[in-house]
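K.L.:
sequence? don't have it. structure:
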């Protein structure tokens, strides 16, 4: 599982987030001020250090956290590709703001001296993304090691666990708050799953940083991940999938459509067969692969 084709094609917001995270972490690390990124509710309500609130959302306090953090951000770019930058922007804002609010409330309620200062970094966004990752990204391969069952998703969970425990309580609290924020988004609180920012948002972020490196991939049509509504063609297909077309009358599915489904975690042969059944409609093929009753 690699989150799709290499590079940040169709993921300008993720690209900007990764660049900002690396820059803030390196700059404060070189100056020996990485500890200044740590956040406490006193900084917000008593000292009114808004700049610290903004910087702490991006910059990690250590190199190991940076390595695991940007690796997870890079993988989770698949969600921006699937629902579009405009809706993904709402997810980023909601998960970041809600997780920060929950952190502040937890600090105030727990009164634990060890939690007076929390570790910094985009913990809210990263761990909110684990919610759709758990529910919406299918397992493509399974394997056994010493009688233990694993899947290709195991490595992502292990990276998240390492990041969650990197600073013990100081990193566990932001991680847990991020998971709660992602769960609230998925439960469609305040109908956030229907919201999206204007089109200029994606254009702004696409111009904010340098072009992506890697092969150009087709724009992924939104599917029902992170709350995106299926297209009209997909809605017509749900519950009434077309019967498989004869192989002789159906053209071979386009390679880019197969790559799109493989990037979502499906096996290549299954993706090809689903595209044939869906007459090369990527949305309908996705629904076929996700619905066990159609196999």
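P.N.:
Structure's in. What do you need? Remember, it's a predicted structure, so these values are computed and weren't measured experimentally.

K.L.:
Spatially nearest residue to the spatially most central residue of the chain (excluding sequence neighbours)?
P.N.:
Taking CA atoms, centre = their mean as the criterion, residue 76 is the residue nearest the geometric centre of the chain, at 3.4 Å. Spatial nearest neighbour of residue 76, excluding adjacent residues (CB to CB, 6 or more residues apart in numbering): residue 129 at 4.2 Å. All C-beta spots, glycine's among them, are computed from the backbone N, C-alpha and C.

K.L.:
Residue 275 now?
P.N.:
Per CB to CB, 6+ apart, closest to residue 275 is residue 253, 3.7 Å.

K.L.:
So the one you found sits against residue 273, correct?
P.N.:
No - contact status for residue 253 versus residue 273: not in contact, 9.1 Å apart, counting by CB atoms under 8 Å.

K.L.:
List the contacts of the residue nearest to residue 275.
P.N.:
Residues near residue 253 by CB atoms under 8 Å, 6 or more residues apart in numbering: 271, 272, 275, 276, 280.

K.L.:
about what we covered before: what residues are up against the residue nearest to the centre of the chain?
P.N.:
3, 14, 126, 129, 133.

K.L.:
Now the helix or strand containing the last one: buried residues?
P.N.:
What it means is residue 133. Per DSSP states H and E: residue 133 is located in helix 123-136. Under the neighbour-count criterion of 16 or more other CB atoms under 10 Å, helix 123-136 has 123, 124, 125, 126, 127, 128, 129, 130, 131, 132, 133, 136 buried.

K.L.:
and the gap between the last one and residue 280?
P.N.:
The one in question is residue 136. Residue 136 sits at a distance of 22 Å from residue 280 (criterion: CB to CB, to the nearest Å).

K.L.:
Kindly report the same for the third one.
P.N.:
The spacing between residue 125 and residue 280, counted by CB to CB, is 34 Å.

K.L.:
How about the first one?
P.N.:
Residue 123 sits at a distance of 40 Å from residue 280 (criterion: CB to CB).

K.L.:
go on, residue 185?
P.N.:
Distance, residue 185 to residue 280, by CB to CB: 32 Å.

K.L.:
Of these two, give the one with the bigger neighbour count.
P.N.:
Ranked by neighbour count (other CB atoms under 10 Å), residue 185 and residue 280 place residue 185 first, with 22 against 17.

K.L.:
so that one is in which element?
P.N.:
Using DSSP H and E, the element containing residue 185 is helix 169-186.

K.L.:
could you say what helices and strands that helix packs with?
P.N.:
Judged by 3 or more CB pairs under 8 Å, 6 or more residues apart in numbering; DSSP states H and E, helix 169-186 is in contact with helix 85-110, helix 123-136, helix 154-164.

K.L.:
tell me the angle the second one makes with helix 154-164.
P.N.:
Counting by axes from the mean of the first three to the mean of the last three CA atoms, to 10 degrees, helix 123-136 points 150 degrees away from the direction of helix 154-164.

K.L.:
Same check on the longest one?
P.N.:
For helix 85-110 and helix 154-164, the angle between their directions (the same axes, to 10 degrees) works out to 40 degrees.

K.L.:
Any idea how many residues pack against the nearest residue to residue 135 once chain neighbours are set aside?
P.N.:
Once flanking residues are discounted, residue 135 sits nearest to residue 186: 7.2 Å by CB to CB, 6+ apart. Counted by other CB under 10 Å, the residues lying close to residue 186 total 19.

K.L.:
least confident pick among the contacts of residue 76?
P.N.:
Ranked by pLDDT, the contacts of residue 76 bottom out at residue 3, which has 60.

K.L.:
Next, work out how far apart residue 119 and residue 62 are.
P.N.:
As judged by CB to CB, residue 119 and residue 62 stand 8 Å apart.

K.L.:
Touching both of the two, which residues are there?
P.N.:
Residues touching both residue 119 and residue 62 by CB under 8 Å, 6+ apart: 166, 167.

K.L.:
just the strands in the chain please.
P.N.:
Under the criterion DSSP state E, strands of the chain are mapped to 142-145, 148-151.

K.L.:
Would you give the sheet partners of the first one, along with the direction of each?
P.N.:
When pairing is defined by DSSP bridges, strand 142-145 lines up against strand 148-151 (antiparallel).

K.L.:
List of residues touching the partner strand?
P.N.:
For strand 148-151, contacts defined as CB under 8 Å, 6+ apart pick out 139, 140, 141, 142, 143, 144.
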